[in-house]
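Student: below is the sequence, then the predicted model.
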Amino acid sequence: MAADPAGRFDPLAVILVEGMSDRFALEVLARRRGRNLDAERVLIVAMKGATNIGHFLGQYGPRGLGVKLAGLYDVAEEGCFRRGLERAGLGTGLTRAEMEQLGFFGCTADLEDELIRAIGIDQVEQIIEAQGELKSFRMLQKQPAHRDGNIPDQLRCFMKSRSGRKHRYARLLAAAVDLARVPRSLDRVLSQSTARPPRSIQ
């Protein structure tokens, strides 16, 4: 999927995500569901951090191109997204439910957390083993900073511990998750990516 904000086409819908791993996971899930986001003119934009939400809402929101918007964020960044939506003229005093009405959905901790819980620890470890990295993961589990942590948190730390690993595992986990068990936030944000423009919530 072409996700260059400069654009190789004029989008009808835009999904704003914090980083590239979010974008890669959504692309894989869309393909698995038989969708062609290019043909639908749906653009997934990795913003390089939640703090850039204002810029992209200005570009694609009601004061910019006015296309249909959706978004995926870590719950820790909810305030940042809420302020951005409000400043873009999409509502005031937005609740989480109202943000969802606008097409913006939060991951409980982050993308990896959602997918690990949906897939299950045993299967995630099988994926790591298939990549030839289970020994590395076991070594991380024994480190003082991680040995008292729970396994899902250890898995998340492992996936973020080396350059490129986070992006690779985002694709692998999205390819492995049962389509009937796709995390709600990922499922809903993809279902929101239509050509219908957003309406403000007062």
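Tutor: Received the coordinates, thanks. Residues are numbered from 1 along each chain as shown.

Student: averaged pLDDT, the strand or helix carrying Gln126. What do you get?
Tutor: When secondary structure is defined by DSSP states H and E, Gln126 falls within helix 121-130. Per-region confidence: helix 121-130 scores 98 on mean pLDDT.

Student: what do you get for stretch 85-97?
Tutor: Averaged over stretch 85-97, pLDDT sits at 96.

Student: okay, buried residues for that stretch please.
Tutor: Within stretch 85-97, the residues that qualify as buried are 85-86, 88, 90-91, 94, counting by 16 or more other C-beta atoms under 10 Å. (Each C-beta comes from the backbone N, C-alpha and C, glycine too.)

Student: could you do stretch 140-151 as well?
Tutor: 140, 146.

Student: using CSV, write down the CA coordinates of it.
Tutor: Output in CSV follows, covering the C-alpha atoms of stretch 140-151 (Å, rounded to 0.1, in the frame of the first residue of the first chain):
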residue,chain,number,x,y,z
LEU,A,140,16.3,-11.6,27.3
GLN,A,141,14.0,-13.3,29.8
LYS,A,142,17.0,-14.0,32.0
GLN,A,143,18.2,-10.5,32.1
PRO,A,144,17.7,-8.7,35.5
ALA,A,145,15.6,-6.0,33.9
HIS,A,146,13.1,-8.5,32.5
ARG,A,147,13.3,-11.8,34.5
ASP,A,148,10.5,-10.7,36.9
GLY,A,149,8.2,-9.4,34.2
ASN,A,150,5.3,-11.3,32.7
ILE,A,151,5.8,-13.1,29.4
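
Student: run through who's touching that stretch.
Tutor: Identification of contacts with stretch 140-151 by C-beta atoms under 8 Å, 6 or more residues apart in numbering yields 121, 153-154, 157-158, 161.

Student: the helix holding Gln126: what's the following helix or strand?
Tutor: Defined by DSSP H and E, the subsequent element after helix 121-130 is helix 134-142.

Student: now the angle from that following helix to helix 121-130?
Tutor: Orientation note: helix 134-142 sits at an angle of 130 degrees relative to helix 121-130 (axes from the mean of the first three to the mean of the last three C-alpha atoms, to 10 degrees).

Student: what about helix 134-142, average pLDDT?
Tutor: Averaging pLDDT along helix 134-142 gives 97.

Student: what is the helix or strand hosting Tyr73 packed up against?
Tutor: With secondary structure defined by DSSP H and E, Tyr73 is part of strand 68-74. The contact analysis (3 or more C-beta pairs under 8 Å, 6 or more residues apart in numbering; DSSP states H and E) places strand 68-74 against strand 13-17, helix 53-60, helix 78-87, strand 104-107, helix 184-191.

Student: the inter-axis angle of it versus helix 184-191?
Tutor: Using the same axes, to 10 degrees: strand 68-74 against helix 184-191 is 160 degrees.

Student: what is the mean pLDDT for strand 68-74?
Tutor: The pLDDT scores in strand 68-74 average 97.

Student: list the contacts of that strand.
Tutor: Looking at strand 68-74 with C-beta under 8 Å, 6+ apart, the contacting residues turn out to be 12-18, 22, 26, 50, 53, 57, 60-61, 80-81, 102-107, 109-111, 185-186, 189, 192-198.
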